[in-house]
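1. need a 3D model of the following:
(chains A and B)
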Amino acid sequence: MARIELVNLRKTYGPVLAVRDLNCVIEDGEFVVFVGPSGCGKTTTLRLIAGFEEPDRGEIRIDGRVVNDLEPRDRGLGMVFQSHALFPHKTVAQNIEFGLRMKKVPRDERARRVREVAEMVRLTPLLNKLPAACSGGESQRVALARTLVTNPSTFLLDEPLSSLDAKLRRELRAECDRLHQELKKTFIFVTHDQEEAMTLADRIVVMRDGDIEQVGSPMEIYSEPVTDFVADFFGSPSMNLVSGEVIADNGALAFRSPHFSLALPPEAFVATPPGSVTLGIRPEHVRVQRDVGATADLALPVRLVEPLGKDTLLYFDIGAERPFIAVTEGLALAELDAGERVGLTLTRDCLFVFGGDGKRIARRPAPPV
Amino acid sequence: MTKTQRRRLTAAGRYTALTVWAVIVVFPLYWIVSTSFKPSDQWFSWPPVYFPSPATLDNYSDVWIGATSVAEGGQTALSLQTPFLALRNSLILAFGATAAAVLYGSVIAYGVSRYRLLSETRMFQLLMLRMVPPIVIVAPLSLYFSYLGLLDSMIGLGVMYFLTSLPYAVWMTKSFIDEVPREVEQAAEILGASRWRTVFEVVLPLVRSGLVATFMFILILNWSEYLLSLILSKTNVVTLPVELSKFEGSTEGRLFGRQAALSVGITFPLIIIGLFIRKHLARGFSFGMVRR
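-> Numbers count the residues shown, from 1 in each chain, chains lettered A, B, ... in the order given. Down below sits the predicted model:
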């Protein structure tokens, strides 16, 4: 059982600021995912918690106790590494047993617990093999078992699934989830994969350039991103972001970009800064209609149609680097030809406007009904 | 000439050159081995005898067990120390000093690799120490040794072998230890292993092929070391190379057969060891075997 507090944590490597005055509390039994692009400081944060790096300043507390000066082995944590980091010269059983041997657990007890854990992660047939004979997924399960067996208060997982293929990744993701449910321990999981974060986390910590960008439940992060960075990072395909400007004309607000303009609901946003903004809308909130009627916001030629089975993705060119994407359910529009013009309607309630600094401009709360 | 013909001609030329070179290199070795089986009248005979007939083991029994036949023949009885004693000394000194150097060197190398225990300049200086010609330091050293009472002692010579091997041991093992991924060590650390445990249970076993290669390299140097042994020991601690060199002295005459038998005996142990650890040697000398 462990509650982990990070207080004003800072870490620099020479001139590079890896973690910038980070404050975060991870509750006991919580599954927290640190997510962000590479170089955002998420792995450094994990390594600070583990004790492999020393913070320049700030405190790390486990259950209220400052552990800055404790060796990694005295912090009661378990860690699974990205590279699995198995001991190549020891068999699977010896790998799993290692932590128990270091803790001077008697031989019989060791054998029993190795068997139990191997059963738990379905490794029993592999116990006498060397890691070199294990597949990627098996190696990862060995790494997990090796950590499980020592019964740590907290599991630190550093991109444990990134070296696996997509199918295995899904399987092991489910496995991590199951273990968390069963063990009710604190899990801190680092990944750059937003899908992993969304599916696993109780709470997501989005990091960028050594800073926390946003903390929240997966649904909060998805539906209420506080910056265009978070909005862009979560969701697949990712949110359409169009840069342009908002103009107020006789009380009516309009968004205008070089390639399209759009009337915004009057007084939709608390404040409307003059100058450049970014308009965001998720692909699933763009309605597509075949006839280019007067009701549609935009009429654009389709550039590419991607039928995925359950959904169909439509790509449009709006003169930006990234295409504008719409998701439609089913295959009804899969037969569209490239170049055909269709009408697009953007669901007004689901529009985001981000200011020039990337921060979202809050919507005016809906009037009570 | 077609392309194929030209290629064949080139190959033929290349193999001829290589064969000639191989003969030049191998012939002296062959000559030593064959001489060691020749009876004494064929040692000097002209035209040379290439295949000893009848082949005899006399040289071996004379040199390793006792100088009987030559002494009976009325020639100068030899005052050689029994080569077995020299063999024993060589085994203890070479193996002991080498093992100690590799062990100690690899621990230093670990410190250099992980904690920058020595800067790059210091590491280079360490190697530079080995570039001093031994003859330069051996005279002052023998003075020191006589003050310390280490002259002509196993300890004295052993310490010298250990110290002179250490730079090589550090340099070679460091390159292997550098290859061990940090994460493997950190995994051991967070599982509760102390630093020493991590080094001896995880790091060194991972680079064992490298350690074996280093061991072999240093063993060969120590096994055939001559100058230090000659100057720093007198009669108590004679090693095989010194023992062998006595055959070059004017008083012992020209006992080529026995000299050859001793030479073969000196070379043999190294070849045997090399064969035993062949697998590790091949891997150690082409390192990069640590799976990431």
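2. how many neighbours does B:Leu148 have?
-> 12 (other CB atoms under 10 Å in any protein chain shown). No exception for glycine: its C-beta is placed from N, CA and C like everyone else's.
3. from chain A, how far off is it?
-> 42 Å (CB to the nearest CB, to the nearest Å).
4. local confidence estimate at that residue?
-> The score at B:Leu148 is 91. That number is its pLDDT.
5. with the one 10 residues further on instead?
-> With respect to pLDDT, B:Gly158 scores 94.
6. got it, and B:Pro134?
-> As predicted, B:Pro134 sits at a pLDDT of 84.
7. show me the contacts for the residue lying closest to it once chain neighbours are set aside.
-> With sequence-adjacent residues excluded and distances taken as CB to CB, 6 or more residues apart in numbering or on different chains, B:Pro134 is closest to B:Leu227, at 5.0 Å. If you count contacts by CB atoms under 8 Å, 6 or more residues apart in numbering or on different chains, B:Leu227 has them with B:134-135, B:138.
8. between the residues you listed, which sits nearest chain A?
-> Proximity of these to chain A (CB to the nearest CB) peaks at B:Pro134, which lies at 38.1 Å.
9. what about A:Gly58, helix or strand, and which?
-> A:Gly58 is part of strand A:57-62 when elements are defined by DSSP states H and E.
10. quick one: contacts of that strand?
-> Outside of strand A:57-62, the residues within contact range by CB under 8 Å, 6+ apart are A:2-10, A:21-22, A:48-49, A:66-68, A:75-77, A:153-154.
11. recalculate using a threshold of 10 Å.
-> A:2-12, A:19, A:21-23, A:25-26, A:45, A:48-51, A:66-68, A:70, A:75-77, A:153-154, A:186 (CB atoms under 10 Å, 6 or more residues apart in numbering or on different chains).
12. strands paired with it, and their directions?
-> Strand A:57-62 sits in its sheet next to strand A:4-13 (antiparallel), strand A:65-66 (antiparallel), going by DSSP bridges.
13. ranking the ones you listed by burial, who's on top?
-> Mean neighbour count (mean count of other CB atoms under 10 Å in any protein chain shown) peaks for strand A:4-13 among those, with a mean of 18.
14. just the angle for the helix or strand following that one relative to strand A:57-62, thanks.
-> With elements assigned by DSSP H and E, the helix or strand that comes after strand A:4-13 is strand A:16-26. For strand A:16-26 against strand A:57-62, the angle by axes from the mean of the first three to the mean of the last three CA atoms, to 10 degrees is 30 degrees.
15. and whichever helix or strand comes after strand A:16-26, which residues are buried?
-> Later in the chain than strand A:16-26, the nearest helix or strand by DSSP H and E is strand A:31-35. In terms of neighbour count (16 or more other CB atoms under 10 Å in any protein chain shown), strand A:31-35 has its buried residues at A:31-35.
16. and if you look at stretch A:41-55?
-> So for stretch A:41-55, counting by 16+ other CB under 10 Å, buried means A:41-53, A:55.
17. does it reach chain B?
-> Yes. Residues of stretch A:41-55 contacting chain B under CB under 10 Å from any CB of the partner chain: A:47, A:50-52.
18. starting at the chain centroid, how far to that stretch?
-> 18 Å (CA atoms, centre = their mean, to the nearest Å).
19. start to end distance for it?
-> 12 Å (CA to CA, to the nearest Å).
20. swap in stretch B:32-44?
-> With CA to CA as the measure, stretch B:32-44 spans 13 Å from end to end.
21. likewise for stretch A:152-163?
-> End-to-end distance of stretch A:152-163: 24 Å, with CA to CA as the criterion.
22. need the contact list for the residue lying closest to A:Pro72 once chain neighbours are set aside.
-> Leaving aside its chain neighbours, A:Pro72 sits nearest to A:Gly51 (3.7 Å; criterion: CB to CB, 6+ apart). For A:Gly51, the contacting residues are A:60, A:67-75, A:77, A:79, B:186, B:189-190, by CB under 10 Å, 6+ apart.
23. which residue ranges of the stretch 101-250 of chain B form helices?
-> B:120-129, B:134-148, B:154-177, B:182-190, B:195-198, B:204-206, B:208-223, B:227-232, B:240-245 (DSSP state H, counting those that start in this stretch).
24. now tabulate these in a markdown table and tack on distance to A:Thr147.
-> Converted to a markdown table, these look like this (distance: least, CB to CB, whole Å):
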| stretch | distance to A:Thr147 |
| --- | --- |
| helix B:120-129 | 36 |
| helix B:134-148 | 53 |
| helix B:154-177 | 25 |
| helix B:182-190 | 8 |
| helix B:195-198 | 17 |
| helix B:204-206 | 20 |
| helix B:208-223 | 26 |
| helix B:227-232 | 52 |
| helix B:240-245 | 53 |
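25. quick one: closest of those to A:Ala263.
-> Comparing these against A:Ala263 with CB to CB, the closest turns out to be helix B:182-190 (55.2 Å).
26. in that closest one, which residues are buried?
-> B:183-190.
27. gap between it and the chain center?
-> In terms of CA atoms, centre = their mean, the centre of helix B:182-190 is set 36 Å apart from its chain centre.
28. that one close to chain A?
-> Yes. Helix B:182-190 lies within reach of chain A by CB under 10 Å from any CB, at B:182-190.
29. mind checking which of the contacts of A:Gly51 are in strands?
-> Using DSSP state E, the members of these that fall in strands are A:60, A:77, A:79.
30. ok, and the most crowded of those?
-> Sorting those by how many neighbours each has (other CB under 10 Å) puts A:Met79 first, at 30 neighbours.
31. enumerate every residue touching it.
-> The contact partners of A:Met79, taken as CB under 10 Å, 6+ apart, are A:46-47, A:49-52, A:72, A:85, A:143, A:146-147, A:152, A:154-158, A:160, A:188, B:183, B:186-187, B:189-191.
32. give me the subset of these lying in helices.
-> Judged by DSSP state H, the contacts of A:Met79 include A:46-47, A:49-50, A:143, A:146-147, B:183, B:186-187, B:189-190 as members of helices.
33. the nearest residue to A:Ser243 once chain neighbours are set aside pairs with what?
-> Nearest residue to A:Ser243, sequence neighbours excluded (CB to CB, 6+ apart): A:Thr278, at 5.0 Å. Beta bridges link A:Thr278 to A:Ser243, A:Phe354 when assigned by DSSP bridges.
34. burial measure for A:Thr278, as a count.
-> 22.
35. ok, it to A:Asn68 distance?
-> 40 Å (CB to CB, to the nearest Å).
36. ditto for A:Phe52
-> A:Phe52 is 13 Å from A:Asn68, by CB to CB.
37. where in chain B is pLDDT low?
-> For chain B, the stretches with pLDDT under 70 are B:66-82, B:249-253, B:284-292.
38. got the domain boundaries for it?
-> Structurally, chain B divides into domains by automatic domain parsing as follows: B:3-72, B:83-285.
39. near chain B, which residues of the stretch 101-250 of chain A are found?
-> Counting by CB under 10 Å from any CB, the stretch 101-250 of chain A sits next to chain B at A:101-104, A:131-132, A:143, A:146-147, A:149-150, A:152, A:156, A:158.
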